[in-house]
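**Q** using only what follows, build the 3D model:
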Amino acid sequence: MKSDLFLYGAPASGKSTLAKALGRALALPVIDLDEAIVQRIAMPIADYFQQQGEDAFRYVETDVLAGILEAPSAFRRVIALGGGTLLRQGNRELCQAHGTVFCLDTPDAQELSRRLAAGGKSRPLGNQAEARAQHYASFEHRITRWFELSDSLVLVGTGIAPDFIQTDRTVFDATVAKLYPQLAASPLDIIPSGEKNKTPETVMKLWHDFAQAGIGRTNTVVACGGGVTGDLTGFAAATWMRGIPWINIPTTLLSMIDASTGGKTGFNLPEGKNLAGAFHSPRLVVIDTEFLKTLPPRELRSGYGELIKHLIIGGKNAQMDFTAIPTAKTIADSLAVKVNIVRQDPKETLGKRILLNCGHTIGHAVESASNYTLSHGEAVAIGCVEEAKIAVEQGLAPENWPDELATSFQKAGLPTELPEGMTRDSLTERIRLDKKHANGTITYALPCNWGDVKAVKLHE
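**A** Okay, the predicted model is just below:
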C-alpha cells in the first residue's frame, strides 16, 4: 500500500507536529507543504502574502502540491497540508486521488488562541476555524485527538483505521474478520474471540504463522480486534526475534479505553489472568469509532466499566448517556486519564500507575473465578464496588460511597454484586496470585471517592 496520508485542518490544529510524529511511528518520509512553498518562494509565507496577496499564494500552493504528488515515490508519504489548501476543489480531488485526507478536529477556542499567538506572524490569515467550519466538517476521515505516550503514537478519530491495515501483516479477531471481510481479505492470522483463548497455545500459533509468513526484524505486524487480540499479538511481537514493531487497532470500547495503550502485553494461565507478559508498546494505536457501530450491547456496556473507572480516577461523576455509542471525544477524554498516569510511570515502577488498577484486584479474581463468563468490564464494575466497601471498612471513604458508585455502574447496565456463591473469602487464593501481592500483603488501588483513589497495602 503506497497511498499517501494527508493531514488537513484549521491553522494551528497541529498538522505539522502530527505529521512528524506519524512519520516517526511508521518510518515514512514526511513532507510539510508550507515548508516546500517557502523553499520555492524564498521568503516567509507571511511576507509573500503581504507582497503578492492570497490569490498569488494559492497559485503557488497548487503548483507546489502538484509537483510533490507527481514526483515518483517508492514509499507512501505523510504530507501536512496548509490550513486552506483544499479550499480549491482541484487540490482536494488531487489529494484524494493520491491517498486519504485526514482532517484534524479544531482544538477548543482557548487552546487554538494560545497556539495562534505562539505562532506569531507565521499564520497570516489568523483564526479561520469558524469561517471555514463547514468546509472542514465535509471531510469524513477525522482525527479528534492524538497523544504521544512512551514509544507509542495514539490517534483517536472516525474512519481512520483502514489506511493502517496491511492485510497480510495483520492478525484479526475472528469476529472482526467476519464483520469486516473487506479488511481481512488475506490476513496474516485470524484468532478466535474471547478471553478463554488468551493462552500460550494461541501465542505459539502466532509464532508459527510469523515464521510461515517470513516475518523478520524489520517487519511490522498489526493487531485488529479487542483487548485479547492486542495483548496476544503484542506479546508475540515482543518475543519474536527478540522484538519487532507492531501497530494496535482496537475494535471494542473496552480495548480502546484500556488495553490498547500502556504497553502491557501477555496471556492468561489457569492460575490467573495476565500472569505471563511483557512491556512492548505499539508504535501506533489507531482508535476508530466506526468499529463501535457493530459492537454488541453487552460489549459496549463492558467498555463503560473501564470508562467509569477512569471517571473515578479523574474525579468526574458519571453523569452521561450510557445508551448511546460514545463519541471520539468521549473516548479521548477517558483515555487521557490513563495516558497522563502512564506518562508518569511507564513501567509501573514508581507506584503511580497502580491507580489504574482500581477495582482490578478483586475484578480479575471475579473474572477468572467465573471462568470468563463475566466480561472484564463487568468484573471491574463488581471489583470497584467491592473495593469501595473495603475503603469504607478501612475508614477511608464515606458510608454511602459504595452505593453511590454502584448506582453509576448500574446506569450503564453493569452488575455490581458478587455472583451467587462467590464471596471475598472464596476469592482469596485467586487474589494471592495478583501481581501486587508481596510479603503477605496485597496492594489495592481503593476507590475512596470521585478523584480519590488510594494505594493501600492490606494483609491477607
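**Q** quick check, Pro44 in contact with Val38.
**A** Yes. Counting by CB atoms under 8 Å, Pro44 touches Val38, with 6.7 Å between them. Using the backbone N, CA and C atoms, a C-beta is placed for each residue, glycine as well.
**Q** where are the low-confidence patches of the stretch 1-150 of the chain?
**A** The model of the stretch 1-150 of the chain has pLDDT under 70 over residues 1-2, 116-126.
**Q** if we go to 50?
**A** 1 (pLDDT under 50).
**Q** show me where it has helices.
**A** For the stretch 1-150 of the chain, helices defined by DSSP state H, counting those that start in this stretch occupy the ranges 15-26, 33-41, 45-52, 54-70, 89-98, 109-119, 133-137.
**Q** which one of those lies closest to Gly214?
**A** Among the helices of the stretch 1-150 of the chain, helix 15-26 comes nearest to Gly214, with 20.5 Å by CB to CB.
**Q** kindly export that closest one (C-alpha atoms) in CSV.
**A** Extracted C-alpha coordinates of helix 15-26, given in CSV (Å, rounded to 0.1, in the frame of the first residue of the first chain):
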residue,chain,number,x,y,z
LYS,A,15,-1.0,19.2,11.3
SER,A,16,2.8,19.7,11.0
THR,A,17,3.5,18.3,14.5
LEU,A,18,1.4,15.3,14.0
ALA,A,19,2.9,14.6,10.6
LYS,A,20,6.3,14.4,12.1
ALA,A,21,5.1,12.0,14.9
LEU,A,22,3.2,9.8,12.4
GLY,A,23,6.3,9.7,10.1
ARG,A,24,8.4,8.5,13.1
ALA,A,25,5.8,5.9,14.1
LEU,A,26,5.5,4.4,10.6
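**Q** let me see the mean pLDDT of stretch 382-397.
**A** On average, the pLDDT along stretch 382-397 is 97.
**Q** helices of the stretch 251-400 of the chain, residue ranges please.
**A** With helices called from DSSP H, counting those that start in this stretch, the stretch 251-400 of the chain shows them at 253-254, 297-314, 328-344, 360-369, 376-393.
**Q** of the ones you listed, which approaches Val453 most closely?
**A** The minimum distance between Val453 and the helices of the stretch 251-400 of the chain falls on helix 297-314, with 5.4 Å, by CB to CB.
**Q** my read: Val154 touches Ile160, true?
**A** No. At 11.6 Å, Val154 does not count as touching Ile160 under the criterion of CB under 8 Å.
**Q** re earlier: same list (the helices of the stretch 1-150 of the chain) but as JSON lines, adding mean neighbour count and distance to Leu284.
**A** Output for the helices of the stretch 1-150 of the chain, formatted as JSON lines (neighbours: other CB atoms under 10 Å; distance: least, CB to CB, whole Å):
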{"stretch": "helix 15-26", "mean neighbour count": "20", "distance to Leu284": "4"}
{"stretch": "helix 33-41", "mean neighbour count": "16", "distance to Leu284": "23"}
{"stretch": "helix 45-52", "mean neighbour count": "15", "distance to Leu284": "30"}
{"stretch": "helix 54-70", "mean neighbour count": "15", "distance to Leu284": "24"}
{"stretch": "helix 89-98", "mean neighbour count": "15", "distance to Leu284": "21"}
{"stretch": "helix 109-119", "mean neighbour count": "13", "distance to Leu284": "24"}
{"stretch": "helix 133-137", "mean neighbour count": "14", "distance to Leu284": "24"}
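**Q** and of those, who's closest to Asp345?
**A** Nearest to Asp345 among those is helix 15-26 (22.0 Å), distances taken as CB to CB.
**Q** quick check: angle from that closest one to helix 33-41?
**A** Per axes from the mean of the first three to the mean of the last three CA atoms, to 10 degrees, the angle that helix 15-26 makes with helix 33-41 is 110 degrees.
**Q** contact partners for Pro282?
**A** Applying CB atoms under 8 Å, 6 or more residues apart in numbering, we find Pro282 in contact with 152, 223, 230, 234, 245-248, 260, 263.
**Q** neighbour-wise, which of those residues leads?
**A** The residue in the contacts of Pro282 with the most neighbours, by other CB atoms under 10 Å, is Ala223 (34 neighbours).
**Q** that older thread, could the helices of the stretch 1-150 of the chain go into TSV alongside distance to Ser193?
**A** Output for the helices of the stretch 1-150 of the chain, formatted as TSV (distance: least, CB to CB, whole Å):
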stretch	distance to Ser193
helix 15-26	27
helix 33-41	43
helix 45-52	51
helix 54-70	41
helix 89-98	35
helix 109-119	39
helix 133-137	35
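**Q** right, and these - which one's nearest Leu350?
**A** helix 15-26 (25.1 Å).
**Q** tell me how far that closest one lies from the chain's centre.
**A** Here helix 15-26 is found 16 Å from its chain centre; the criterion is CA atoms, centre = their mean, to the nearest Å.
**Q** quick check on the nearest residue to Lys352 once chain neighbours are set aside: phi, psi?
**A** Ranked by CB to CB, 6 or more residues apart in numbering and with sequence neighbours excluded, the top spatial neighbour of Lys352 is Asp345, at 3.9 Å. The phi and psi torsions at Asp345 (degrees, to the nearest 10) take the values phi -150, psi 70.
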